[in-house]
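Colleague: test case, fold it:
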Amino acid sequence: MLTISSTFIFIGCGNQKKSEVTADNINEEESSEDDSTVQELNSDELDALTTEFNTEFNMLVLKRPFNSFDEIRTDVEHCDVEPIGEYKCVSGSRTGNEYTVHVEVVEADNDNEVVFPPRDVTFTKEGDEYTFISNIFDWTSGADENLTLETEFKQFDGKTYIYTYQTVEDRPNSYVYVINNGKRVPGGNIAVFNYVNEIQNNITSVIDITPTDYNNDGYTDLIITGTDANGVKHICAEEYSSVAFGPDAEKSTELEANLSNSTSEDAQSSADSDSIETVTYSREESREEDGKTVVNSLGYNFYSDNTGEYYDLGGQGIVEFEWDDDTIIFSDKKYKYMIEGNVLKVREDSGWIEYVKE
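Modeller: Numbering: from 1, shown residues only. Got it, this is the predicted structure:
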């Protein structure tokens, strides 16, 4: 872990910097207090830490999340990162000589990022010396909670989350961030758009995200559905190609075609049609019962008047529903769905279930 003295002059990245924090202006009586007592930091202490955190070296340290300083030590000590904007310590506490401070990015300037979440910085203080322990980003800040997902990716170990930022200042797109073990994965800050027929369609409102290995290469990719600024629906594919996520124009073009056809040809008649057309997607499941294999048929009947029936011949029978461009609406619940070619995918209670067009 890195130790910083309040009287130490750091020489390396840029000009020499001398810390402004001293033992007098941060908790000068801390040695006399019970080490188990949690003490809230006052405004003077937070202001002093704000000054300290905005020195060049500490700005480099706080730019990236880490669970131990060793994770980023080499980059910081060799100036392999650039500082961003300005930090502000807004709240914090200490227990003995261990501090946790909530830090906001009040000014940001970095072309490689579009989201600058607040962060909780933990460090210890021994006299005039500071040792960083962790820097935990609050990725939920500003994210759409309805499109915040914890999911498994074949290429990542540990916990992986997807965060969706619908409105990003000065950007024409929504953004999807893939965060593994608290850190953004390579290419994991995804500008949501597709490129179809030589036209770039920017998605400004994400509707749904489906993690799936659509090309069967052993890596989990993303299918993202949303609307542009005019409310027109689009779908885009983000392929993980062994090192990073990137837009897949060919797959996006294929999905865009299926997206438009799925409502106009497969399940929706024209407004002036006198007849009600039906499109059915079905699947079979088997189970053992009294030593015999019993096969059950399940499926969705879509009617062109935007009604439908779900049937489960071996269980709950027939249940009516209504549907729109991406949602199946029952009386007590809703399921997201998408159509890829002849396959209907429905996000049911147990996850995404596939049905084949009859």
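Colleague: which residues in this structure form helices?
Modeller: With helices called from DSSP state H, the chain shows them at 43-53, 56-63, 73-77, 249-261.
Colleague: helices and strands around the last one, which ones?
Modeller: Spelled out, it's helix 249-261. Here helix 249-261 touches strand 193-196, strand 233-240, strand 334-340, going by 3 or more CB pairs under 8 Å, 6 or more residues apart in numbering; DSSP states H and E. Placement of C-beta: from N, CA and C, glycine included.
Colleague: now these as a markdown table including distance to residue 84 and mean neighbour count?
Modeller: Formatted as a markdown table, the helices and strands packed on helix 249-261 follow (distance: least, CB to CB, whole Å; neighbours: other CB atoms under 10 Å):
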| stretch | distance to residue 84 | mean neighbour count |
| --- | --- | --- |
| strand 193-196 | 25 | 20 |
| strand 233-240 | 25 | 24 |
| strand 334-340 | 36 | 20 |
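Colleague: now those in TSV, with distance to residue 280 and mean pLDDT?
Modeller: Listed next are these as TSV, based on distance: least, CB to CB, whole Å; pLDDT from 0 to 100:
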stretch	distance to residue 280	mean pLDDT
strand 193-196	29	90
strand 233-240	23	93
strand 334-340	13	92
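Colleague: now those strands as CSV including distance to residue 81?
Modeller: As requested, these are exported to CSV (distance: least, CB to CB, whole Å):
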stretch, distance to residue 81
strand 193-196, 28
strand 233-240, 24
strand 334-340, 39
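Colleague: out of those strands, flag the one nearest residue 208.
Modeller: strand 334-340 (5.2 Å; CB to CB).
Colleague: related to what we said a few turns ago, okay, the helices of the chain, which one's buried deepest?
Modeller: Mean neighbour count (mean count of other CB atoms under 10 Å) peaks for helix 56-63 among the helices of the chain, with a mean of 21.
Colleague: for the stretch 101-250 of the chain, give me the ranges with low pLDDT.
Modeller: Across the stretch 101-250 of the chain, residues meeting the criterion (pLDDT under 70) sit at 109, 111.
Colleague: as JSON lines, the helices of the chain with distance to residue 212 would be great.
Modeller: Formatted as JSON lines, the helices of the chain follow (distance: least, CB to CB, whole Å):
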{"stretch": "helix 43-53", "distance to residue 212": "41"}
{"stretch": "helix 56-63", "distance to residue 212": "33"}
{"stretch": "helix 73-77", "distance to residue 212": "33"}
{"stretch": "helix 249-261", "distance to residue 212": "11"}
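Colleague: least confident of these, on average?
Modeller: Of all the helices of the chain, helix 249-261 carries the lowest average pLDDT, namely a mean of 80.
Colleague: what does it rub up against?
Modeller: 194-197, 214-215, 223, 225, 233-237, 239, 338-341 (CB atoms under 8 Å, 6 or more residues apart in numbering).
Colleague: that one vs strand 233-240, what angle?
Modeller: Inter-element angle recorded for helix 249-261 and strand 233-240: 150 degrees (by axes from the mean of the first three to the mean of the last three CA atoms, to 10 degrees).
Colleague: what angle do helix 249-261 and strand 334-340 make?
Modeller: Orientation check (the same axes, to 10 degrees): helix 249-261 against strand 334-340 gives 120 degrees.
Colleague: and the strands in the stretch 201-350 of the chain, which stretches?
Modeller: According to DSSP state E, counting those that start in this stretch, the stretch 201-350 of the chain carries its strands in the segments 205-212, 221-227, 233-240, 245-247, 278-289, 292-303, 307-312, 317-323, 327-329, 334-340, 343-348.
Colleague: buried set for the first one?
Modeller: Buried residues in strand 205-212, counting neighbours by 16 or more other CB atoms under 10 Å, are found at 205, 206, 207, 208, 209, 210, 211.
Colleague: hey, what's the fourth one bridged with?
Modeller: Yep, that's residue 208 we're talking about. residue 225 (DSSP bridges).
Colleague: OK, contacts around it?
Modeller: Counting by CB under 8 Å, 6+ apart, residue 208 makes contact with 147, 224, 225, 226, 326, 336, 338, 347.
Colleague: do you know the pLDDT at residue 333?
Modeller: pLDDT, read off for residue 333, is 92.
Colleague: now do the closest residue to it other than its chain neighbours against residue 335, distance only.
Modeller: Closest residue in space to residue 333, ignoring its immediate chain neighbours: residue 349 at 8.0 Å, by CB to CB, 6 or more residues apart in numbering. Per CB to CB, to the nearest Å, residue 349 is found 8 Å from residue 335.
Colleague: that older thread, closest to residue 127 out of the strands of the stretch 201-350 of the chain?
Modeller: With respect to residue 127, and counting by CB to CB, the nearest of these is strand 245-247 at 45.7 Å.
Colleague: buried sites along that closest one?
Modeller: Buried residues in strand 245-247 (16+ other CB under 10 Å): 245, 247.
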